[in-house]
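**Student:** sequence-free structure coming up:
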């Protein structure tokens, strides 16, 4: 798992990784996933451990997964984006308003709306100096309100948009298309974070914004950009979700932000900023999707599910922190 | 320096006292929206002659869902029809928030307070407070935990929806098969009653012949309905039918069934009576039925409020007062009778 630590200066080379000791933290989530699969196999047998179900789990995880990739960049700067769930609903509805204009217009509108809402978040935080928690909490309300207002509180049918539905339910060489989209977004995120100056700047801003500024990093621009990126990811997630539902619902995406944040944090990205890992985020998303899937298959009562889910999050984070 | 700190507090206090002295603004609610389906009885002329003099306040949770939106719209439309200047608070997302909004409405001393509570139990104290102050309360749908907290309850029959569903499943499956149940929000009375009615009736009619192999909440949300149903289908390939607690949420369940290509093997039912679902029932999709839960009950509640404010009973009733409980029966809507109920769809 490649963890990008904060560089002391923005233009300093990343510390060499070779020859270091085995780092338990890098493999903790892999162990958690392995344990979940073994336990699931024992409890539920072939209905859990099957190619069909694993693709089902990954397809379900892909929506929160895309959000979590954007969230990784936000959290890397020591920020938070509480608005992504509501933005998913708003982006879907914004695209849905153009349902008669065809698939491409739906996708463009959803992505553009996500970018616009992300830009408002970014501007408020980077230039308006509003605390990320408050700015994105405000956007959570604004975006949900916009979704309800634009849709007149009624789901918009997208049954006629075959290409949009393909993003949600189609396949590429038997692999779910939504999973492919998630993996592509994750790969781009990994390259951005680990192989470009931009990624180093993001982590540097999270680690020490003042030091980054002195080193020549345009801190405000970086902060602005990560929220735009998060908004774009919300737009992509909206396309995937609407494709799966064949409709744009103004009440969808509820609490997705918490799942995304939890996936990022159990993946090993520091809430305090300055340390980020895309691979960890992907593993965090898979962990969550597996837990939800297994608990549903077991047909457990909701209260037991919630306690179990909370316990697993806590255990996973404690495992992650063991070597920190 | 001290003055600078104190001044804002002083000025704010003065402003608030000024508002209190002036009685605040009239703050008319927007009642322009038309109802999706107003199915209340046609208004009796004589009974509502003085309706416009009655001060009515209306409180409901945030209309973030088709049924709640229709309920709010129907109440506003009925108030407009009766010439009532009704104050409306329908933006609360939690019971605590709604309690605060009701407290604010009470300050205005309405004659009648019409409330659809987010949850019955936590909003009972504030409704009781209104009753204690001489404000008559009409309780819509989710019952307060004390009968003294309302004058009249007008409600749909959630247990009855479960019973109707149980009968429908027993008839369609001939008391043999596996079904899944996708519930609403865990722990609220609507969910508990719809679930209990279904379980009781299936047991009564089929004595174990129909098995509920999966039972999971999906919070009345289509996206949650989708993921929950997808997971259930991974384990239970032999499900014949699905009972869902809500039409909007059911759209997600239907998507899961369609995405799995099982629409010819699995049929499903909803609850509420949305136009979209009624159309699908008519077309003959995997949707076989929905159980009507008419949001026009809010229009009836406003009509009752206009009578109550004038101290009149129901027209044509011998009793001088309005009944303390009015329970609207659940109706099964299928392909055979869908045209009859289409106008009630929201």
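**Tutor:** Alright, I've got the coordinates. None of the values given here were measured: they were computed from a predicted structure.

**Student:** Now do the closest residue to residue B:52 other than its chain neighbours: how many residues are near it, please.
**Tutor:** With Cβ to Cβ, 6 or more residues apart in numbering or on different chains as the criterion, residue B:52 has its nearest non-adjacent residue at 3.7 Å, and that residue is residue B:83. For the C-beta atoms, the positions are set from N, CA and C on the backbone; glycine is no exception. Each residue near residue B:83 was counted by other Cβ atoms under 10 Å in any protein chain shown, and the total is 14.

**Student:** Touching, residue B:83 and residue B:50? I think so.
**Tutor:** No: counting by Cβ atoms under 8 Å, residue B:83 sits too far from residue B:50 to count as a contact (9.8 Å).

**Student:** what's the pLDDT at residue 11?
**Tutor:** I went with chain A, as the question did not name one. In this model, residue A:11 is scored at 46, pLDDT.

**Student:** should've been chain B
**Tutor:** Predicted confidence (pLDDT) for residue B:11: 39.

**Student:** What is the neighbour count of residue 105?
**Tutor:** Defaulting to chain A. 15.

**Student:** Chain B was what I was after
**Tutor:** Residue B:105: 23 neighbours (other Cβ under 10 Å).

**Student:** I'd say it and residue B:57 touch.
**Tutor:** Yes: look at residue B:105 against residue B:57 with Cβ under 8 Å: they come within range, at 4.1 Å.

**Student:** Now do the shared contacts for the two.
**Tutor:** Counting by Cβ atoms under 8 Å, 6 or more residues apart in numbering or on different chains, the contacts common to residue B:105 and residue B:57 are B:87, B:89, B:113.

**Student:** Tell me which of these has the lowest pLDDT.
**Tutor:** Among those, pLDDT bottoms out at residue B:87, giving 84.

**Student:** so that one bridges to which residues?
**Tutor:** Beta bridges link residue B:87 to residue B:57 when assigned by DSSP bridges.

**Student:** Could you do residue B:210 as well?
**Tutor:** residue B:177.

**Student:** residues contacting it?
**Tutor:** By Cβ under 8 Å, 6+ apart, the neighbours of residue B:210 are B:169, B:170, B:173, B:175, B:176, B:177, B:178, B:179, B:202.

**Student:** was I right about the fifth one contacting residue B:211?
**Tutor:** No: with contact taken as Cβ under 8 Å, residue B:176 and residue B:211 are classed as non-touching, separated by 9.5 Å.

**Student:** The two: which has the busier surroundings?
**Tutor:** residue B:211 (14 against 11).

**Student:** so who does the more buried one touch?
**Tutor:** B:177, B:178, B:179.

**Student:** repeat that for 7 Å
**Tutor:** residue B:178 (Cβ atoms under 7 Å, 6 or more residues apart in numbering or on different chains).

**Student:** Repeat that for residue A:169.
**Tutor:** Residue A:169 neighbours (Cβ under 7 Å, 6+ apart): A:243, A:244, B:259.

**Student:** repeat that for 10 Å
**Tutor:** Shown in contact with residue A:169 (Cβ atoms under 10 Å, 6 or more residues apart in numbering or on different chains): A:59, A:176-178, A:240, A:243-246, B:255, B:258-260.

**Student:** Put the buried members of these into a PyMOL selection.
**Tutor:** If you want just the buried ones from those in PyMOL, going by 16 or more other Cβ atoms under 10 Å in any protein chain shown, the selection is:
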select buried, (chain A and resi 59+176+177+178+240+243+244+245+246) or (chain B and resi 255+258+259+260)
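
**Student:** now residue B:72: how far from chain A?
**Tutor:** Distance, residue B:72 to chain A, using Cβ to the nearest Cβ, to the nearest Å: 9 Å.

**Student:** host element of that residue?
**Tutor:** Per DSSP states H and E: residue B:72 is located in helix B:66-82.

**Student:** list the helices and strands that helix packs on?
**Tutor:** strand B:56-61, strand B:87-92, helix B:247-259, helix B:275-283, helix B:297-309 (3 or more Cβ pairs under 10 Å, 6 or more residues apart in numbering or on different chains; DSSP states H and E).

**Student:** nearest to residue A:145, of those?
**Tutor:** strand B:87-92 (9.4 Å; Cβ to Cβ).

**Student:** Strand B:56-61 and the closest one, what's the angle between them?
**Tutor:** Using axes from the mean of the first three to the mean of the last three Cα atoms, to 10 degrees, the inter-axis angle of strand B:87-92 relative to strand B:56-61 is 10 degrees.

**Student:** For strand B:87-92, name the packing helices and strands.
**Tutor:** Partner elements for strand B:87-92 (3+ Cβ pairs under 10 Å, 6+ apart): strand B:56-61, helix B:66-82, helix B:95-107, strand B:112-115.

**Student:** same thing but at 8 Å, please
**Tutor:** strand B:56-61, helix B:66-82, helix B:95-107 (3 or more Cβ pairs under 8 Å, 6 or more residues apart in numbering or on different chains; DSSP states H and E).

**Student:** Tell me which of these is the most buried.
**Tutor:** Among those, ranked by average contacts under mean count of other Cβ atoms under 10 Å in any protein chain shown, first place goes to strand B:56-61 (a mean of 27).

**Student:** Redo the shared contacts of residue B:105 and residue B:57 as a markdown table? Include neighbour count.
**Tutor:** What follows is those, written out as a markdown table (neighbours: other Cβ atoms under 10 Å in any protein chain shown):
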| residue | neighbour count |
| --- | --- |
| B:87 | 20 |
| B:89 | 19 |
| B:113 | 28 |
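
**Student:** closest to residue A:301 among those residues?
**Tutor:** Of these, the one sitting nearest to residue A:301 (Cβ to Cβ) turns out to be residue B:89, at 34.4 Å.

**Student:** Might one say that the closest one is in contact with residue B:102?
**Tutor:** Yes: under the criterion of Cβ under 8 Å, residue B:89 makes contact with residue B:102 at 7.4 Å.

**Student:** For the residue most central in space within chain A, give me its contacts.
**Tutor:** By Cα atoms, centre = their mean, chain A has its centre lying nearest to residue A:68, at 1.3 Å. The contact partners of residue A:68, by Cβ under 8 Å, 6+ apart, come to A:259, A:260, A:263, A:264, A:267, A:281, A:284, A:285.

**Student:** May I have the phi/psi pair for the fifth one?
**Tutor:** Summarising the backbone geometry of residue A:267 under the convention degrees, to the nearest 10, its torsions are phi -70, psi -20.

**Student:** That one: neighbouring residues, count only.
**Tutor:** 29.

**Student:** so residue A:67 touches residue A:261, yeah?
**Tutor:** No: using Cβ under 8 Å, residue A:67 makes no contact with residue A:261, being 9.3 Å away.

**Student:** Those two - which one has more neighbours?
**Tutor:** residue A:67 (31 against 22).

**Student:** which residue sits closest to residue A:94 in space, ignoring its chain neighbours?
**Tutor:** Using Cβ to Cβ, 6+ apart, the nearest residue to residue A:94 is residue A:113, at 3.9 Å.

**Student:** wait, residue B:144
**Tutor:** residue B:124 (4.3 Å).

**Student:** element containing the one you found?
**Tutor:** helix B:120-132.

**Student:** Which strands and helices lie in contact with that helix?
**Tutor:** helix B:95-107, strand B:112-115, strand B:136-140.

**Student:** Could you dump those into a markdown table with distance to residue A:220 added?
**Tutor:** Converted to a markdown table, those look like this (distance: least, Cβ to Cβ, whole Å):
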| stretch | distance to residue A:220 |
| --- | --- |
| helix B:95-107 | 36 |
| strand B:112-115 | 48 |
| strand B:136-140 | 51 |
